[in-house]
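A.B. asks: using only what follows, build the 3D model:
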Amino acid sequence: MDNRLDFIFRRRSIRRFHDKPVEQDKVTALLEAAMAAPSAANRQPWHFVVITERERLDNLAEVHPYAKMLKEATLCIAVCGEPAVSLSNQTGDRYWVQDCSAAMENMLIAAANLDLGGVWLGVHPVLDREEDIRRQLKLPENIFPLGLAALGYPAEEKKAQTRYTEAKVHYQQYGGANPSCPTD
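C.D. replies: Down below sits the predicted model:
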């Protein structure tokens, strides 16, 4: 494992949290990291909803089938997109999902480097889940929830790890061998 990349390998899915609130300067740093993500044509179609109230966190845990850890987390940041702002391709498909996914990943990497833990809870493209989250967060019709990040001080420890698998890497075309590794 390359130590220069530890800041990435430290990002692990953390689902257990201490009850210590996340300081506002760290919340701001997470949002700055998220907004530093690349976006198609620099459209930045994202919006973020920061949730810290215990009742709201508990309600989100009830409506999202995989969000029980929000009952322990002290922070949730919903990453949402505004498709109308997003760049579209020739067929009219928009890039807000890719843009907001990059923002989510930046935020989760930043969390690990701020000694926080987090986990990405998918919302889009599950329509009933989108509607439940939309209602909970009072999102306007033009804003779509991509996912929730459950965040806080970790109550579990996971070691940094790489998941590099040579078999998933192809050179020049699918199935192409690494030219620096002779096969004979």
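
A.B. asks: pull the CA atoms of stretch 85-98 into PDB?
C.D. replies: Backbone C-alpha positions of stretch 85-98 (Å, rounded to 0.1, in the frame of the first residue of the first chain) are rendered in PDB as follows:
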ATOM      1  CA  VAL A  85     -28.500  23.100 -13.600                       C
ATOM      2  CA  SER A  86     -26.600  20.000 -14.600                       C
ATOM      3  CA  LEU A  87     -25.000  19.600 -18.000                       C
ATOM      4  CA  SER A  88     -26.900  17.300 -20.400                       C
ATOM      5  CA  ASN A  89     -25.600  15.200 -23.200                       C
ATOM      6  CA  GLN A  90     -27.000  14.800 -26.700                       C
ATOM      7  CA  THR A  91     -29.800  12.400 -25.500                       C
ATOM      8  CA  GLY A  92     -30.800  14.800 -22.700                       C
ATOM      9  CA  ASP A  93     -29.400  12.700 -19.900                       C
ATOM     10  CA  ARG A  94     -27.900  14.900 -17.200                       C
ATOM     11  CA  TYR A  95     -24.700  14.500 -15.200                       C
ATOM     12  CA  TRP A  96     -26.000  15.500 -11.800                       C
ATOM     13  CA  VAL A  97     -25.600  12.000 -10.400                       C
ATOM     14  CA  GLN A  98     -21.900  11.800 -11.300                       C
END
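
A.B. asks: what is the mean pLDDT for that stretch?
C.D. replies: Average pLDDT, stretch 85-98: 84.

A.B. asks: buried ones in it?
C.D. replies: Neighbour-count burial for stretch 85-98 flags 85-87, 94-98 (criterion: 16 or more other CB atoms under 10 Å). Backbone N, C-alpha and C define where each C-beta goes, glycine included.

A.B. asks: before we move on, what about stretch 158-166?
C.D. replies: By neighbour count with 16+ other CB under 10 Å, stretch 158-166 contains no buried residues.

A.B. asks: now do stretch 63-81
C.D. replies: Buried, per 16+ other CB under 10 Å, within stretch 63-81: 64, 67, 69-70, 72-81.

A.B. asks: residues touching W120, list them.
C.D. replies: 13, 104-105, 108, 147-149 (CB atoms under 8 Å, 6 or more residues apart in numbering).

A.B. asks: for these, which one is nearest E130?
C.D. replies: G147 (10.3 Å; CB to CB).

A.B. asks: what helix or strand is the closest one on?
C.D. replies: In this structure, G147 sits in strand 144-152 according to DSSP states H and E.

A.B. asks: do E157 as well
C.D. replies: Here E157 is assigned to no helix or strand, by DSSP H and E.

A.B. asks: rewinding a little: buried subset of the contacts of W120?
C.D. replies: 104-105, 108, 147-149.
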